[in-house]
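J.: structure for this input, please:
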Amino acid sequence: LLLKKRCDYCGDPVELGEGTYFCSECSLDCCMGCAEYLEDANPRTSTLLVPGPGDIILTGPCLTVHHVILAYGTLEKALPDELAVIGEMPETELYRILTVETTPFYTECIKGDHKSAGSNEWDTYFYRAWTILRRDCKTGAMSLCGTRPSKPGSAVKSTDPLLVKFIFHPFREGRPSAALDVTRFLEALRTAELNSQRYSIRTVLKGWFTAQKAIDETAYDTPEKRASLLAEIRKRWTSKPYCASAAIMVWQRYLEMSSSTEDAAAQAILLYLPLLCDVTMPSTLLEVITCRGWELRTDLNCFDRVRGLKSIIDDSFDEEDLSEKKPSKIHSMRILRKGKIGLLPAMDTDSESAESSDDDPTKFACV
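T.: The predicted structure is shown next:
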């Protein structure tokens, strides 16, 4: 587990703690920079990506395992008292975002957190907090440097910096999918929270040794089979969770609530999140959903510029642009342009076939 890997695209060694992405279709490993770069070659990328409700934050990896945090608020500037506790650093900005997670490092996820509102009382094992993030203005890299429980009057807790990555969901303006219904998403989160259970190391071990991959949608080609699958998925929601489970079950509940029928719900889950929440490790979550319209980012350079992809795909792309790219990404660009690996959608000159390729989420690049 502690052996260093080497990126199959740029050839650079990957330091421990940086993480790699393994493409099961190509059987190749690539560093996070190349994974993001290969994804940039996909024309579905939206022009502006700012973390918001439904996006996933990854921290780590720690001993090859990432930690999954689900955002349910919009990124905003940190408050003055948060800045005072975390501290200022040159050429950095401090932000905060509402998140929910389950982890053994918070007592709320083990012993539960009793809450009340009016005459209503309930217990939850999810940890809601303001996650404090520091952004490097030069590189766009983000690190988690503190938390603040979402309860009013809670104190800020400073932590050792942890590099973070983002997985942006596909339900955004400018995408083929319908825009996210934030009210319904928060309702799905609330439902999952009310039915939550304590964090379970046993579930972690089950997921580790099961090595679950994506659900094979071809095995559920009839309404009857999909009804059986949906029943099984709902059953898995009642399992004791670990970090990836919380994000998966909240999103699957949202897809169910957003669908007009149970069969439509099953089809939506198969399309966007075909996973079983109690046997899916964070690495599998990343691998599966980035094949289905979700987008991996290792920085937030979108604050400074619009990510345009035309120059990468267009044959008129000038070789001089390579000098502006990081050396570790130059080789990836040339691989894509020479067409040595089948990561890009086929560029068909027929407009009708080109449109159908863009609309079909199965035609996306595999990263």
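J.: so Arg135, which of the three states?
T.: strand (DSSP: H, G, I helix; E, B strand; the rest coil).
J.: these two touch, right, it and Arg96?
T.: No: checked against Cβ atoms under 8 Å, the pair Arg135 and Arg96 is beyond contact range at 11.4 Å. Just so you know, the C-beta spots here come from the backbone N, C-alpha and C atoms, and that holds for glycine as well.
J.: so for those two, which sits in the more crowded spot?
T.: More crowded of Arg135 and Arg96, by other Cβ atoms under 10 Å: Arg96, with 23 against 20.
J.: can you pull the contacts of that one?
T.: Residues in contact with Arg96 (Cβ atoms under 8 Å, 6 or more residues apart in numbering) are Leu75, Glu76, Lys77, Ala78, Leu79, Glu82, Trp130, Thr131, Ile132, Leu133, Arg148.
J.: the strand or helix carrying it pairs with which strands?
T.: In this assignment (DSSP states H and E), Arg96 forms part of strand 92-101. With DSSP bridges as the test, strand 92-101 is paired with strand 65-71 (antiparallel), strand 76-77 (antiparallel), strand 127-136 (antiparallel).
J.: need the ones you listed in JSON lines with mean pLDDT, can you?
T.: Output for the strands paired with strand 92-101, formatted as JSON lines (pLDDT from 0 to 100):
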{"stretch": "strand 65-71", "mean pLDDT": "88"}
{"stretch": "strand 76-77", "mean pLDDT": "92"}
{"stretch": "strand 127-136", "mean pLDDT": "93"}
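J.: out of those strands, nearest to Ala265?
T.: strand 65-71 (19.6 Å; Cβ to Cβ).
J.: re earlier: then the strand holding Arg96 to CSV, C-alphas only?
T.: Presented in CSV, the C-alpha positions along strand 92-101 are these (Å, rounded to 0.1, in the frame of the first residue of the first chain):
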residue,chain,number,x,y,z
THR,A,92,-4.2,33.2,0.3
GLU,A,93,-8.0,33.5,0.8
LEU,A,94,-10.1,31.9,3.5
TYR,A,95,-13.6,30.5,2.6
ARG,A,96,-16.2,28.5,4.4
ILE,A,97,-19.0,26.1,3.3
LEU,A,98,-21.7,24.1,5.1
THR,A,99,-20.9,20.4,5.0
VAL,A,100,-22.2,17.1,6.4
GLU,A,101,-20.1,14.0,7.0
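J.: neighbouring contacts of the longest strand along the chain?
T.: Counting residues, the longest strand found in the chain (DSSP state E) is strand 157-168. Residues outside strand 157-168 that contact it (Cβ under 8 Å, 6+ apart) are 17-19, 32, 46, 49, 51, 55-60, 66, 85-87, 133-134, 141-148, 286, 289-290, 294-298, 300.
J.: output it in PDB with nothing but the alpha carbons.
T.: Output in PDB follows, covering the C-alpha atoms of strand 157-168 (Å, rounded to 0.1, in the frame of the first residue of the first chain):
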ATOM      1  CA  LYS A 157     -11.500  24.700  15.600                       C
ATOM      2  CA  SER A 158      -8.200  25.000  13.700                       C
ATOM      3  CA  THR A 159      -6.800  21.800  12.200                       C
ATOM      4  CA  ASP A 160      -3.600  20.900  10.400                       C
ATOM      5  CA  PRO A 161      -4.000  21.700   6.700                       C
ATOM      6  CA  LEU A 162      -5.400  18.900   4.500                       C
ATOM      7  CA  LEU A 163      -5.300  19.200   0.700                       C
ATOM      8  CA  VAL A 164      -8.800  18.800  -0.800                       C
ATOM      9  CA  LYS A 165     -10.200  17.800  -4.100                       C
ATOM     10  CA  PHE A 166     -13.700  18.500  -5.400                       C
ATOM     11  CA  ILE A 167     -16.200  16.400  -7.300                       C
ATOM     12  CA  PHE A 168     -18.800  18.700  -8.900                       C
END
